[in-house]
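Asks: A structural model of the following input is requested.
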Amino acid sequence: HSPMDPTAARSVWSQLAGAVDEIHNRNASLLSFEELYRNAYNLVLHRHGSLLYDGVCEKITQHLMNVAEEVHSAEEGFLLQSLQIAWEHHRTRYSDVYGSDFVVQSKRRPIYNLGLYLFQTVVWEYKDVKDRCVRSVLDMIAAERNATSVENLHQHDGLLKSVLGMLLELGYSTGMSSGNDQNMQPKSSVYERDFEAIFLATTQEYFRVESLECVSSSSVPAYVQKAEQRLKEEQFRSSRYLASTSCSPLLSIVETEFIDRHAKTLVDNPVSGVATMLRDDRLTDLKQMYELFQRVPPTVEFIRATLSSSVKQSGEGLINDYERGAADAGTFVRGVLTLREKYSTIVETSFSSEKKAQKKLKESLERFLNVDSRAAHCLAIYVDESLRSGLRGATEAEINDQLTKVITVFRYLQDKDVFEAFYKQYLAKRLLSNKSVSEDAEKNMVALLKAECGYQFTSKLEGMFNDMRISKDTREAFKAYKQTSLTRTKVDIEVDVLTTGYWPSQTVAPCLLPAAVSDAQSDFLKYYLKTHTGRKLQWQTSTGNADIRGSFQPDKGSLRRHELCVSTYQMCILVLFNDQDTLSLKDIREATNIPEEELQRHLISLCTPKHRILKKASRGKGISGDKDTFTYNNNYSSKLKRVKIPLVSMKDCMSGKNLGGEANGGAKNAIPAPVEEDRRHLVEASIVRIMKARKSLHHNDLIAEVSRQLSVRFVPSPPFIKQRIESLIEREYLERDDRDRRLYKYMA
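Replies: Okay, the predicted model is just below:
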């Protein structure tokens, strides 16, 4: 082929230019595309591609100038429709215009991208078309947001989707041909620059104003519903006509304005905030608020903090009621159980059992339950009341459920050893007086404690049950022994033989027993020491009880007889009145050797209005002094044949004397002395055990390891551990390193 000269090339281009005009005039059907393609191919083949490319660019520009003027002259209400029509026509026409390898080789814009670029620069950026179109789009969106009716709400979706889709596509017009795949085109800068930035800014201002108005005029539940509605609307808007890249920043703005900016205000709202929801059990409202706040995770901490504060406040209310005497120990523990159950339900329902909320609840309960040892003591009393009488008549399932609840509270206690000390005291009284609702219930409770804290925690408790079992066998054997023995006593005696290490320590000296009881005691001692050689018995008369028969001859009427169920001390006191009708406090003390406080308590118990077996000379509840006298009341009567004489509380018999703060709960809140002593031994044993294994250890590591090992019983404070370390150093179990004074070494 001979080369094509410039004149011939311009002639060919003239034919192609006319074809371009026909395409713009929608007369493409009249053209022969085979001939047009051949002419265009020949221009490129003979190195006149620039003429073709520049000519097409000029023709498109000329046409788009006319389009731009038409769009610009459209009325405001039809501006977007005019733009949409122009854009659709432009895209349709360009489907008939092709490029060639010349574009790739010369690194120019592909023909399609060239059309996009020219539409952007000639039409979109013509005079104020861009600003007016963006303003129209924003007005339509604002009208949607302000609409009070759903009628015709989405009528402009197609128009908005087309216009915004145009901006997305125009953003790809900057792509140059380099032989790469078309999918590697850059993000749409036109959409982001000309629309998205302005749209997000106006959106933020819109929701800033609306959220301020809503937070000041609506209740918290109504505000939450409004926020959820707005989030759904904006997410739906993104799916309808916005770019997918706009969804995340759009929702982030709504979350910032509706949630993050007002989170603290909403939570602390005094009328309908979280505290009110918790108080009134509005779990659904709280759940909706929690789920909304989860979209901005840091704000959920405000709800958790209020949950913690509410638990603490309720707990302090229970403590105050107990301190001022408005509630007893059982009521306090029942209140704790109710409180825990209520907030556990809240965490499960409204917080979807979130781990952080569960931890917050646990910490809050532990905080007010471990202010002192009060809770441990109250829980032991509650268990005593339940196992003594509260669970009588309950089914096995009900008993297990109640004991499981006790263990739930027990888990929150740090002073578990304090609970153990009090529990052991009350268990001893129940076992020795045979006052338990059932032996199975008692053993179930010990089994639960064992599962919670290990064998070491309950070994002594299990030993107490074993002693009672052995004592029962011993009583039966002694009864058989008496039947075969020639010796007969005036009274029957039943003895419980207790192992010293298992039971609460008693330092009370035995009282002076009546002669008949003392003889029976001697008979048992002979039998027991004969059967068990090498053992020593120490009598604990402060814990026994007795059944005695009393005869009362009233001034008028016939003789009345009653069987009195009394304590050992009361028995010793009443038997004295077989010889004399009136005795002074001093006389009774000398004859019985009962400790002073217990003597007064047991005497007053025999002088109460309901059980006035003795008449006290002085007035009032207390005893005036050694000269105060007590007289046998021959006019005593009761409807019951068998009468149990209950003991009055210690504070009722001290006549206003100071009990060291126990009357108002002060002494009960302190760590009992035996527990304090046990703690010293446990800490020292733990230190020695750790150091023997490690040989040398840093101070902080030793403190941490001791705390970890003992946490199952109590949580020792670092100063307390340090005191025991110093004591062990003085006794040469440990020594300090010469170069590092905080490093300890074990001395073999």
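
Asks: and the top helix by length along the chain, what does it pack onto?
Replies: Across the chain, the longest stretch assigned as helix under DSSP state H is helix 455-484. Judged by 3 or more C-beta pairs under 8 Å, 6 or more residues apart in numbering; DSSP states H and E, helix 455-484 is in contact with helix 416-433, helix 439-453, helix 515-531. C-beta coordinates here come from the backbone N, C-alpha and C atoms, glycine included.

Asks: can I get the ones you listed in a markdown table with mean pLDDT and mean neighbour count?
Replies: Formatted as a markdown table, the helices and strands packed on helix 455-484 follow (pLDDT from 0 to 100; neighbours: other C-beta atoms under 10 Å):
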| stretch | mean pLDDT | mean neighbour count |
| --- | --- | --- |
| helix 416-433 | 90 | 20 |
| helix 439-453 | 92 | 16 |
| helix 515-531 | 89 | 15 |
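
Asks: including distance to Thr299, could these go into TSV?
Replies: What follows is those, written out as TSV (distance: least, C-beta to C-beta, whole Å):
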stretch	distance to Thr299
helix 416-433	37
helix 439-453	37
helix 515-531	73
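
Asks: residues touching Ala441, list them.
Replies: 387, 391, 399, 403 (C-beta atoms under 8 Å, 6 or more residues apart in numbering).

Asks: neighbour count and secondary structure added to these, as CSV?
Replies: CSV is the format used below for these (neighbours: other C-beta atoms under 10 Å; DSSP: H, G, I helix; E, B strand; the rest coil):
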residue, neighbour count, secondary structure
Leu387, 25, helix
Leu391, 18, coil
Ile399, 19, helix
Leu403, 21, helix
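
Asks: quick check, nearest of those residues to Glu34?
Replies: Using C-beta to C-beta, Leu403 comes nearest to Glu34 of the contacts of Ala441, at 96.1 Å.

Asks: quick one: the residue nearest to that closest one when sequence neighbours are not counted from Arg430, how far?
Replies: Sequence neighbours aside, Met445 is the residue nearest to Leu403 in space, at 5.3 Å (criterion: C-beta to C-beta, 6 or more residues apart in numbering). Met445 sits 11 Å away from Arg430, taking C-beta to C-beta, to the nearest Å as the criterion.

Asks: okay, and the common contacts of these two?
Replies: Here Met445 and Arg430 share the contacting residues Leu387, scored by C-beta under 8 Å, 6+ apart.

Asks: how about the host helix or strand of Ala275: buried residues?
Replies: Assigned by DSSP states H and E, Ala275 belongs to helix 274-279. Neighbour-count burial for helix 274-279, counted by 16 or more other C-beta atoms under 10 Å, picks out 274-278.

Asks: need the residues that contact the helix or strand harbouring Leu159.
Replies: Leu159 belongs to helix 157-170 when assigned by DSSP H and E. Taking contacts as C-beta under 8 Å, 6+ apart, the residues outside helix 157-170 that touch it are 80-81, 83-84, 87-88, 116, 119-120, 124, 133, 137, 140-141, 188, 190-191, 194-195, 240-243.

Asks: toward the C-terminus, what is the element adjacent to it?
Replies: helix 189-190.

Asks: how about the strands in the stretch 551-700 of the chain?
Replies: Remark: strands assigned in the stretch 551-700 of the chain by DSSP state E, counting those that start in this stretch are 560-567, 582-584, 614-616, 629-632, 642-644, 696-698.

Asks: out of these, deepest packed?
Replies: strand 614-616 (a mean of 21; mean count of other C-beta atoms under 10 Å).

Asks: mind giving me the packing neighbours of it?
Replies: Counting contacts by 3+ C-beta pairs under 8 Å, 6+ apart, strand 614-616 packs against helix 596-605, strand 629-632.

Asks: now the ones you listed in TSV, with distance to Ser711?
Replies: Converted to TSV, the helices and strands packed on strand 614-616 look like this (distance: least, C-beta to C-beta, whole Å):
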stretch	distance to Ser711
helix 596-605	37
strand 629-632	53
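
Asks: JSON lines for those, including distance to Asp740 and mean pLDDT?
Replies: JSON lines is the format used below for those (distance: least, C-beta to C-beta, whole Å; pLDDT from 0 to 100):
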{"stretch": "helix 596-605", "distance to Asp740": "54", "mean pLDDT": "91"}
{"stretch": "strand 629-632", "distance to Asp740": "70", "mean pLDDT": "92"}
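
Asks: list the contacts of His63.
Replies: Contacts of His63 by C-beta under 8 Å, 6+ apart are His24.

Asks: so which bits of whichever strand or helix holds it are buried?
Replies: Assigned by DSSP H and E, His63 belongs to helix 49-73. Going by neighbour count (16+ other C-beta under 10 Å), the buried part of helix 49-73 is 49, 51-53, 55-57, 59-60, 63-64, 67-68, 71-72.

Asks: show me what the helix or strand following that helix is packed against.
Replies: Once helix 49-73 ends, the next helix or strand along the chain (criterion: DSSP H and E) is helix 79-94. Packing contacts for helix 79-94, counted by 3+ C-beta pairs under 8 Å, 6+ apart, involve helix 49-73, helix 111-118, helix 129-146, helix 157-170.

Asks: how far off centre is helix 79-94?
Replies: Its chain's C-alpha centre lies 60 Å from the corresponding centre of helix 79-94 when counted by C-alpha atoms, centre = their mean, to the nearest Å.

Asks: likewise for stretch 456-471?
Replies: Stretch 456-471 sits 37 Å away from the centroid of its parent chain (C-alpha atoms, centre = their mean).

Asks: just the mean pLDDT for it, thanks.
Replies: Averaging pLDDT along stretch 456-471 gives 91.

Asks: residues of it that come out buried?
Replies: Under the neighbour-count criterion of 16+ other C-beta under 10 Å, stretch 456-471 has 457-458, 460-461, 464-465, 467-468, 471 buried.
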